[in-house]
Every structure is written in structure tokens, then in C-alpha cells.
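Participant: mind looking at a prediction? Sequence and model below.
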Amino acid sequence: MSLLSVRARRSVAMAVAVTAAMLLSACAQSDKGHQSHAAHMAHAGHAAPAAKAPVSATLARRTVVEATPQEVEHVLGDMQKLLRSMGEIHGALAARDWPTIERVASALKPEHTMGSRDPAAVSFHAKLPPGWSGYGGPMHQGFARIADEARGERRVDEVLRTLASTTQQCVACHAQFQLRATVVGAAR
């Protein structure tokens with residue numbers, strides 16, 4: 001194994017570690033004030049409602065986006081897809097598997113992610129608060145740049161920079177907005 005490939009592998013491993021730390025930090029920040037995992041799951045719409053936990057100042061400042069359980073499921077599914085895709089891109093980058101990077105990143109380009117006919121997607125997008133697309137748009141544009149780089153010059157450092165800025169869009173959005181599942185006709 002050459003010195004260059006050892007350095008490149010270390011660089012990619014460091015980028016993966018930093019990205020994971022950022023995502024875990026964002027999740028931990030959003031979970032402050034929750035008394036238990038069950039309370040968090042209920043807050044996220046994944047379980048039966050639990051007793052209300054005290055809300056941290058960070059959570060209290062976030063904009064609440066009311067959504068039906070189906071809309072929340074749709075949005076969380078999209079977020080999980082984004083996280084899985086970031087992991088796939090990191091792994092492919094470590095292996096210099098440019099065709100995989102292009103395939104995964106291309107699937108997340110704006111033209112491939114907008115216009116869903118799923119009723120939950122349509123109804124959720126109709127109620128998006130101001131500013132939401134200011135995070136989503138640049139994030140999807142970042143994946144378009146990664147796909148272009150995978151077809152073009154194939155610069156590892158450029159893909160890592162774009163992944164870092166794309167991840168920052170995710171972290172900033174989670175710091176700004178909070179999904180709240182509501183049942184039509186339920187008392188609040």
C-alpha cells in the first residue's frame with residue numbers, strides 16, 4: 001500500500017468521523033430536555049404519547065411544523081434515506097468507487113427528489129414554513145455537485161468539502177425546525 005493511499009484513507013476516515021460526530025451532536029442537542037427514550041419517541045411521533053418532558057431552551061426556540069403522522073413518517077423516511085446515502089457516499093469515496101458515488105448522489109439531486117405524488121409528501125410540502133426550503137434546496141444542490149464531481153474531475157477533497165457543507169444544511173435545519181405529529185381533531 002502506497003503512502004498516498006494510506007493518507008487518502010486516513011483523510012476519508014477523518015471525514016466520516018467528523019460527519020458522524022456532527023450528526024450525533026445535532027441529535028443529542030435536539031434530545032436535550034427529554035427525560036427518556038420513550039418520551040423522545042413519542043415526541044417524534046413513533047410511540048404512544050408519554051408524559052410531557054421539560055423542553056430545553058434550544059427546543060423551545062425551534063419552529064414547530066405540525067404534521068399528520070403520515071407526513072411525519074414520510075419526512076423521517078426521507079431523512080433516513082439521506083443519512084444512508086451519505087454513508088454510502090463516504091464508503092464509496094474511501095474505495096474510490098466513483099460510479100457508486102455518482103449513482104447515489106444523482107438520486108438526491110433536486111430534479112429526482114421533487115414532485116412526489118405521494119399524498120403525504122404533497123400535503124406536507126403545502127404547509128412548509130418559510131425558510132424550510134432554504135435548507136433543503138442547497139442540500140440537494142450539494143448532491144448534484146457531488147454527482148458532477150464523480151463524473152468529472154473526481155477530486156476527493158471537493159467531495160468531502162461538499163459533504164461537509166451539505167451536512168451543515170441538515171444540522172442547521174434540525175436546529176431551526178421541529179416536527180410535531182398531530183391527529184386531526186385531537187386536543188392540544
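Facilitator: Arrived safely, thanks for sending. Residues are numbered from 1 along each chain as shown.

Participant: neighbours of A144, just the number please.
Facilitator: By other Cβ atoms under 10 Å, 17 other residues sit near A144. Quick note: C-beta positions are derived from backbone N, CA and C, even for glycine.

Participant: list the buried ones in the one helix or strand R84 maps to?
Facilitator: Using DSSP states H and E, the element containing R84 is helix 69-94. Across helix 69-94, burial judged by 16 or more other Cβ atoms under 10 Å covers 70-72, 74-76, 78, 82, 85-86, 88-90, 92-94.

Participant: ok, now stretch 96-112?
Facilitator: D97, W98, T100, I101, E102, R103, V104, A105, S106, L108, K109.

Participant: ok but L179 is inside a strand, no?
Facilitator: Yes. Secondary structure of L179 (DSSP: H, G, I helix; E, B strand; the rest coil): part of a strand.

Participant: stretch 91-106: end-to-end distance?
Facilitator: End-to-end span of stretch 91-106 (Cα to Cα, to the nearest Å): 16 Å.

Participant: before we move on, what about stretch 127-139?
Facilitator: For stretch 127-139, the first-to-last residue distance is 20 Å (Cα to Cα).

Participant: now swap in stretch 114-134 and tell me
Facilitator: Stretch 114-134 has an end-to-end distance of 14 Å (criterion: Cα to Cα).

Participant: for it, give the mean pLDDT please.
Facilitator: In this model, stretch 114-134 carries a mean pLDDT of 87.

Participant: do stretch 62-81 as well
Facilitator: Rounded mean pLDDT across stretch 62-81 is 94.

Participant: with just CA atoms, put that stretch into PDB.
Facilitator: Output of stretch 62-81 as PDB, limited to C-alpha atoms (Å, rounded to 0.1, in the frame of the first residue of the first chain):
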ATOM      1  CA  ARG A  62     -37.300  25.900  17.100                       C
ATOM      2  CA  THR A  63     -40.200  26.500  14.700                       C
ATOM      3  CA  VAL A  64     -42.800  23.700  15.200                       C
ATOM      4  CA  VAL A  65     -44.000  22.200  12.000                       C
ATOM      5  CA  GLU A  66     -47.400  20.500  12.600                       C
ATOM      6  CA  ALA A  67     -47.800  17.400  10.500                       C
ATOM      7  CA  THR A  68     -50.000  14.300  10.400                       C
ATOM      8  CA  PRO A  69     -48.500  11.000  11.400                       C
ATOM      9  CA  GLN A  70     -48.300  10.000   7.700                       C
ATOM     10  CA  GLU A  71     -46.500  13.200   6.900                       C
ATOM     11  CA  VAL A  72     -44.000  12.700   9.700                       C
ATOM     12  CA  GLU A  73     -43.400   9.200   8.500                       C
ATOM     13  CA  HIS A  74     -42.800  10.400   5.000                       C
ATOM     14  CA  VAL A  75     -40.300  13.100   6.200                       C
ATOM     15  CA  LEU A  76     -38.500  10.800   8.600                       C
ATOM     16  CA  GLY A  77     -38.200   8.200   5.800                       C
ATOM     17  CA  ASP A  78     -36.600  10.900   3.500                       C
ATOM     18  CA  MET A  79     -34.200  11.900   6.300                       C
ATOM     19  CA  GLN A  80     -33.200   8.200   6.800                       C
ATOM     20  CA  LYS A  81     -32.600   7.900   3.100                       C
END
